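Turn this into a structure:
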Amino acid sequence: MALTPDRLRPPCVLVVGMHRSGTSAIAAALGEMGMQLPRAVDLLGARHGNARGHFESQSLMALSDQLLARLGRAWDDPPEVRGKEVPAVLAPMAPRAKTVFERAFDSSASPVVWKDPRTALLLPFWRHTLDRPLGAVLVVRHPLEVARSLATRDAVSIPTGLALWERYAHLALSGLAGLPVLVTAYEDALECPDRWTVEVSAWLASLGVEVSGTPTSLDPALRHEAAGTGDERGVLASQHELYEVLLASRGGHDAFVTPPLPQESPWAVDHLRQRHDSRRLWSALEWLASEVSRSGVPAAEHPVKLERFATYPKDATDDDLAYRKWLRSRGEPVSVGAGAGVERAATRPPAPGHRPRFSVVVPCYRTPIWAIDRCVGSVLAQDFPHFELRLTDDASGDRVLAERLRQIAALDPRISVRSRSENGGISAATSGCLEGARGDWVVFLDHDDELAPNALSRLEAAIAAHPAARLVYSDEDKIDESGRRMMPAFKPGWSPDLLLSNAYMCHVLVVARSLLDEIGGLRSEFDGAQDYDLMLRATERLSDEEIVHVPEILYHWRATLGSASADP
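Below is the predicted model of the structure:
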């Protein structure tokens with residue numbers, strides 16, 4: 001892509017819009033048209049929800065998070081709609097921000113495209129900071145589609161997703177005033193890519209930029225959520241009106257004029273304020289616990305041992321000895337490898353004769369490749385060989401994942417892979433895993449989580465030590481995308497009162513196949529809490545002796561941004 005002679009400095013085109021609005025697809029298309037994306041080594045690659053990549057600079061994304069943190073905010077806790085002045089607390093960050101921006105791209109002599117939905121929240125700052133001429137592509141998507149996609153990827157409730165969409169739209173529309181702006185609908189780009197390319201090329205020409213390529217990646221299959229007719233009951237009138245304003249603004253604008261906007265709905269404003277206040281309160285409590293734990297006051301004077309709330313430094317996988325030392329300092333039970341444990345009754349060697357066979361079931365849906373590799377690898381690394389691993393793809397429509405599952409099936413005869421023709425949800429996919437399963441115990445494993453290497457052997461020992469057992473659960477911890485362990489959860493023995501208040505058994509949960517058949521398996525109407533429903537119905541039928549707790553960390557629950565494991 002070349003600049004026409006009348007342009008002295010290469011422009012930067014911002015791709016802005018709410019998260020899950022299609023900004024990644026639009027940024028990818030602009031890159032294919034010849035605009036310079038951030039450095040390849042800095043790009044955020046394919047992850048859950050964006051199988052083809054996010055096309056945004058990780059260094060700039062981290063900087064935007066820091067800027068929002070200075071405001072006491074985050075991407076899902078956006079600032080309120082204010083004036084167009086730069087907040088004083090951000091002004092000292094401008095020199096560093098300018099440097100990070102220039103380093104994010106290979107060349108300062110070429111037009112660049114920068115995609116990050118957070119930019120919509122910080123437009124006054126970036127307009128004041130960047131030296132380049134700016135233009136912006138504002139990507140519009142139906143608010144209900146955005147909210148559903150956020151619910152799938154980040155476990156954000158539909159009402160919250162709609163409130164966030166409304167706030168982002170207001171901030172973007174006010175922050176872009178006066179800039180060259182192209183307002184485009186995500187569905188237009190996917191359904192009419194040729195016409196969209198012509199429109200974008202003409203708009204880029206108005207910036208003095210010549211197109212040198214044609215986008216080939218715009219694919220209707222990228223649109224996983226669609227708001228159907230009569231399916232908008234959760235969308236507030238003000239949100240629907242705002243969406244219509246955005247659609248009416250489609251096209252190129254030499255100097256964008258903010259259209260008359262409906263007032264931000266009072267409900268959305270109050271809802272986001274309550275979320276913000278709750279976060280501030282929780283952060284204050286965490287700080288207080290940390291300060292008290294470091295105060296030097298003898299532990300006996302604390303009614304509660306506040307240091308137990310501290311999070312272990314995230315290097316447990318790299319330094320397991322340090323992790324165990326930290327656990328001992330808290331007085332927690334510590335496993336020192338396979339075959340060791342605190343509760344000896346649960347670790348007696350299995351009696352000769354029948355050995356349990358485990359069916360490890362893994363429902364898959366648009367799983368990142370790195371995550372499914374780690375998940376399957378943790379099963380194949382078990383020191384107990386009597387298992388079968390059964391995976392079901394719940395109609396992901398992801399060709400890359402389908403190919404990887406085919407490759408995984410060829411690794412070991414104990415692995416079987418199924419694919420559903422229609423998406424049925426996690427309960428249906430798990431039930432698909434169980435069709436034809438031959439194990440007498442079912443181990444539930446999420447598609448991006450991991451089992452500890454000795455998990456199945458410890459479960460076998462517990463079952464042998466408790467012949468009446470029909471449901472077994474263990475302790476667990478969290479694991480991040482880099483494999484670093486944190487936040488151990490040490491659970492009590494069988495506690496019916498505690499189970500009535502939360503699904504404390506959680507992971508790893510192992511159920512006798514006969515019991516699973518008796519209670520009718522998982523129920524799709526409880527998807528999202530299907531495991532809690534299963535625990536309640538299963539324990540209802542069992543005596544105390546049939547429920548066994550293994551007091552060892554046998555399961556690593558993946559904590560990713562926005563997941564329930566990272567943000568209860």
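
which is the next helix or strand following the helix or strand bottoming out on mean pLDDT in the chain?
Across the helices and strands of the chain, mean confidence by mean pLDDT, DSSP states H and E is lowest for strand 2-3: a mean of 44. Next along the chain after strand 2-3, taking DSSP states H and E as the criterion, comes strand 12-16.

partners of that following strand in the sheet?
strand 112-115 (parallel), strand 134-140 (parallel) (DSSP bridges).

will you turn these into CSV that also has mean pLDDT and distance to residue 289?
The way it works is simple: take the backbone N, C-alpha and C, and place the C-beta from them, glycine included. What follows is the strands paired with strand 12-16, written out as CSV (pLDDT from 0 to 100; distance: least, Cβ to Cβ, whole Å):
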stretch, mean pLDDT, distance to residue 289
strand 112-115, 94, 38
strand 134-140, 96, 41
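
Please work out which of those is packed deepest.
Most buried of the strands paired with strand 12-16, by mean neighbour count (mean count of other Cβ atoms under 10 Å): strand 112-115, with a mean of 27.

Distance from the chain centre to that strand, please.
23 Å (Cα atoms, centre = their mean, to the nearest Å).

which one's the longest helix in the protein?
Here the longest helix in the chain is taken by residue count, with DSSP state H as the criterion, and it is helix 266-293.

which other helices and strands contact that one?
helix 158-175 (3 or more Cβ pairs under 8 Å, 6 or more residues apart in numbering; DSSP states H and E).

can you rerun that using 10 Å?
helix 158-175, helix 237-248 (3 or more Cβ pairs under 10 Å, 6 or more residues apart in numbering; DSSP states H and E).

The first one vs strand 134-140, what angle?
Just to be clear, that refers to helix 158-175. Using axes from the mean of the first three to the mean of the last three Cα atoms, to 10 degrees, the direction of helix 158-175 lies 150 degrees away from that of strand 134-140.

Would you mind listing the buried residues in helix 158-175?
By neighbour count on 16 or more other Cβ atoms under 10 Å, the buried set for helix 158-175 is 160-175.

quick one on the thing from earlier: right, so of the helices and strands packed on helix 266-293, which gets closest to residue 509?
Judged by Cβ to Cβ, the one of these that comes nearest to residue 509 is helix 158-175, at 27.6 Å.

For the longest helix of the chain, give the mean pLDDT please.
Averaging pLDDT along helix 266-293 gives 82.

Between helix 158-175 and it, find me the angle.
Using the same axes, to 10 degrees: helix 266-293 against helix 158-175 is 100 degrees.

Which positions in helix 266-293 come out as buried?
268-269, 271-272, 276, 279, 289, 292-293.

Check this structure for its longest strand and report it.
strand 547-558 (DSSP state E).

Measure how buried residue 240 is and give me the count.
Neighbourhood size, residue 240 [other Cβ atoms under 10 Å]: 15.

ok, now which ones touch it?
142-144, 232, 262 (Cβ atoms under 10 Å, 6 or more residues apart in numbering).

Looking at the residues you listed, which are in helices?
143-144.

out of the contacts of residue 240, which are buried?
Neighbour counting over those (16+ other Cβ under 10 Å) leaves 142-144, 262 as the buried ones.

just for this structure, where's the confidence low?
For the chain, applying pLDDT under 70 flags the ranges 1-8, 45-54, 219-233, 290, 293-324, 326-354, 560-568.

Let me know the secondary structure of the nearest residue to residue 405 once chain neighbours are set aside.
The shortest distance from residue 405 to any non-neighbouring residue, by Cβ to Cβ, 6 or more residues apart in numbering, is to residue 417 (4.7 Å). Reducing the assignment at residue 417 to three states with DSSP: H, G, I helix; E, B strand; the rest coil gives strand.

just the one 10 residues further on next, same as before
Per three-state DSSP, the local secondary structure of residue 427 is helix.

got the contact list for the residue nearest to residue 139 when sequence neighbours are not counted?
Excluding its sequence neighbours, the residue lying closest to residue 139 (Cβ to Cβ, 6+ apart) is residue 17, at 3.6 Å. Residue 17 sits next to 23, 26, 115, 117, 119-120, 136-141, 146, 165, 168-169, 172, 183-184, 186, 246 when contact means Cβ under 10 Å, 6+ apart.

Residue 376 now?
Counted by Cβ under 10 Å, 6+ apart, residue 376 has contacts 360, 362, 389, 391, 404-405, 408, 411-412, 415, 445, 447, 450.

what's the next secondary structure element after the helix or strand harbouring it?
Secondary structure assignment for residue 376, by DSSP H and E: helix 369-380. Moving toward the C-terminus from helix 369-380, the first helix or strand encountered (DSSP H and E) is strand 387-393.

picking that back up, look up phi and psi at the residue nearest to residue 139.
Phi and psi for residue 17, reported as degrees, to the nearest 10, are phi 150, psi 170.

how long is stretch 244-262 end to end?
End-to-end distance of stretch 244-262 (Cα to Cα, to the nearest Å): 10 Å.

how about the strands in the stretch 401-550 of the chain?
For the stretch 401-550 of the chain, the strands defined by DSSP state E, counting those that start in this stretch occupy 415-419, 441-444, 450-451, 471-479, 485-489, 509-512, 547-558.

partners of the second one in the sheet?
Within its sheet, and counting by DSSP bridges, strand 441-444 is paired with strand 358-364 (parallel), strand 509-512 (antiparallel).

which stretch among those comes nearest residue 95?
Of the strands paired with strand 441-444, nearest to residue 95 by Cβ to Cβ is strand 358-364, at 46.2 Å.

how far is the closest one from where the chain is centred?
Taking the mean of its C-alpha atoms, strand 358-364 sits 21 Å from the chain's own mean (Cα atoms, centre = their mean).

got the angle for it vs strand 387-393?
20 degrees.

circling back to that earlier point, of the contacts of residue 376, which is the nearest to residue 192?
Checking these against residue 192 with Cβ to Cβ, the nearest one is residue 404 at 32.2 Å.

Quick check: the gap between the residue lying closest to that closest one once chain neighbours are set aside and residue 401.
Take residue 404 and drop its neighbours on the chain: the residue closest to it by Cβ to Cβ, 6+ apart is residue 369, 5.4 Å away. Per Cβ to Cβ, to the nearest Å, residue 369 is found 7 Å from residue 401.

who has more neighbours, the two?
The neighbour comparison of residue 369 against residue 401 (other Cβ under 10 Å) goes to residue 401, with 21 against 16.

Spatially nearest residue to that one (excluding sequence neighbours)?
residue 367 (6.0 Å).

Tell me who's in contact with that neighbour.
Residue 367 neighbours (Cβ under 10 Å, 6+ apart): 48, 51, 373, 375, 391, 393-394, 396, 398, 401, 404-405, 446-448.

Most neighbours among those residues, which one is it?
Each of the contacts of residue 367 was scored for neighbours by other Cβ under 10 Å, and residue 391 scores highest at 27 neighbours.

Quick check: bridge partners of that residue?
residue 362, residue 417.

any idea how far it lies from residue 521?
Going from residue 391 to residue 521 by Cβ to Cβ gives 17 Å.

got the CA positions of the host helix or strand of residue 152 in PDB?
Using DSSP H and E, residue 152 sits within helix 143-154. Output of helix 143-154 as PDB, limited to C-alpha atoms (Å, rounded to 0.1, in the frame of the first residue of the first chain):
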ATOM      1  CA  PRO A 143     -26.400  -5.700  20.200                       C
ATOM      2  CA  LEU A 144     -28.000  -9.000  20.900                       C
ATOM      3  CA  GLU A 145     -25.500 -10.800  18.700                       C
ATOM      4  CA  VAL A 146     -22.700  -9.100  20.600                       C
ATOM      5  CA  ALA A 147     -24.200 -10.000  24.000                       C
ATOM      6  CA  ARG A 148     -24.600 -13.600  23.000                       C
ATOM      7  CA  SER A 149     -21.100 -13.900  21.800                       C
ATOM      8  CA  LEU A 150     -19.800 -12.300  25.000                       C
ATOM      9  CA  ALA A 151     -21.800 -14.800  27.000                       C
ATOM     10  CA  THR A 152     -20.200 -17.700  25.100                       C
ATOM     11  CA  ARG A 153     -16.700 -16.400  25.300                       C
ATOM     12  CA  ASP A 154     -16.500 -14.500  28.500                       C
END
